[in-house]
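J.: What follows is a predicted structure for the sequence shown.
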Amino acid sequence: MSKHNQMIGRRGEKLFSLLCSEADVTCNKSSEDDFGWDMAIEFPLKPRLAVALDMQSGPVAALVQVKTTEGATRSVSISLANALRYASSPLPTFVVLVVLGEDRPRFFVKHVWTPLMAAWLRIAREADAEGRIDTHHQKVSVAFDDADEQSDGLLPWIETQISGVSSPYAAAKTQIFKTIGFGETRGTANMTF
């Protein structure tokens, strides 16, 4: 990665971190980016007066991969290895694109949920069928369109996506991952006619 691209990436991460600070959302940068996520965020607790303290929900937290581009580009690549980690992790995971080069930065976001998980798992199964195991060298593309823009409410949108899941988030995501239409193993059958 060129120095210019590294500077652009750091700028996007700083803008996202600043956005979190302004919204009182805890944002911790990954010091070791081995698994692809750049930030772990945690939303402030919302106490409920009619619920005992020990019965209240814990904080809403998520992992965020921040990508940054300049100009009109709204497509980024991530390694298939990281995409599979995002899909299989029970934690809420989001890919945020920061677009620079205009009057103000624009923020786009994708929730790692059914559509992305299905696409990435299909790519992984195809790679597996080809005998490829170098998932850290294979790339998947994430394209953002106008509907993905959340420049004026990125963090509330992320929190709503997480809290909008009807059953416990981890259970719901794991269920999608396990039942999305791909078998857990593959096999070979020989038939003689």
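T.: Everything's here; your move. Numbers count the residues shown, from 1 in each chain.
J.: and the residue nearest to the spatial centre of the chain, helix, strand or coil?
T.: Nearest to the mean C-alpha position of the chain, counting by Cα atoms, centre = their mean, stands F94 at 2.5 Å. Using DSSP: H, G, I helix; E, B strand; the rest coil, the structure places F94 in strand.
J.: Across the sheet, point out what pairs with the spatially closest residue to it that is not a sequence neighbour.
T.: Ranked by Cβ to Cβ, 6 or more residues apart in numbering and with sequence neighbours excluded, the top spatial neighbour of F94 is V64, at 5.1 Å. (Each C-beta comes from the backbone N, C-alpha and C, glycine too.) Bridge pairing for V64 (DSSP bridges) gives the partners M39, F94.
J.: what's the distance between V64 and A171?
T.: Note on V64: its distance to A171, by Cβ to Cβ, to the nearest Å, is 22 Å.
J.: Mind checking which of those two has more residues around it?
T.: Taking neighbours as other Cβ atoms under 10 Å, V64 and A171 compare with V64 leading, 22 against 11.
J.: what's near enough to touch that one?
T.: F16, W37, D38, M39, A40, I41, T93, F94, V95, V96, I158 (Cβ atoms under 8 Å, 6 or more residues apart in numbering).
J.: Quick check: longest helix in this protein by residues?
T.: Ordering each helix of the chain by length in residues (DSSP state H) puts helix 3-22 first.
J.: Packing partners of that one?
T.: Judged by 3 or more Cβ pairs under 8 Å, 6 or more residues apart in numbering; DSSP states H and E, helix 3-22 is in contact with strand 26-29, strand 39-42, strand 61-70, strand 93-100, helix 154-163.
J.: Show me where the chain dips below the pLDDT cut-off.
T.: For the chain, the stretches with pLDDT under 70 are 1, 33-35, 48, 53, 55-57, 181-190.
J.: one step back: got the contacts of V64 as CSV, with distance to V109 columns?
T.: Shown next, in CSV, are those (distance: Cβ to Cβ, whole Å):
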residue, distance to V109
F16, 10
W37, 14
D38, 13
M39, 12
A40, 16
I41, 12
T93, 11
F94, 6
V95, 7
V96, 5
I158, 7
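J.: Of those, keep whichever come out buried.
T.: Among the contacts of V64, those scoring as buried are F16, W37, D38, M39, I41, T93, F94, V95, V96, I158 (criterion: 16 or more other Cβ atoms under 10 Å).
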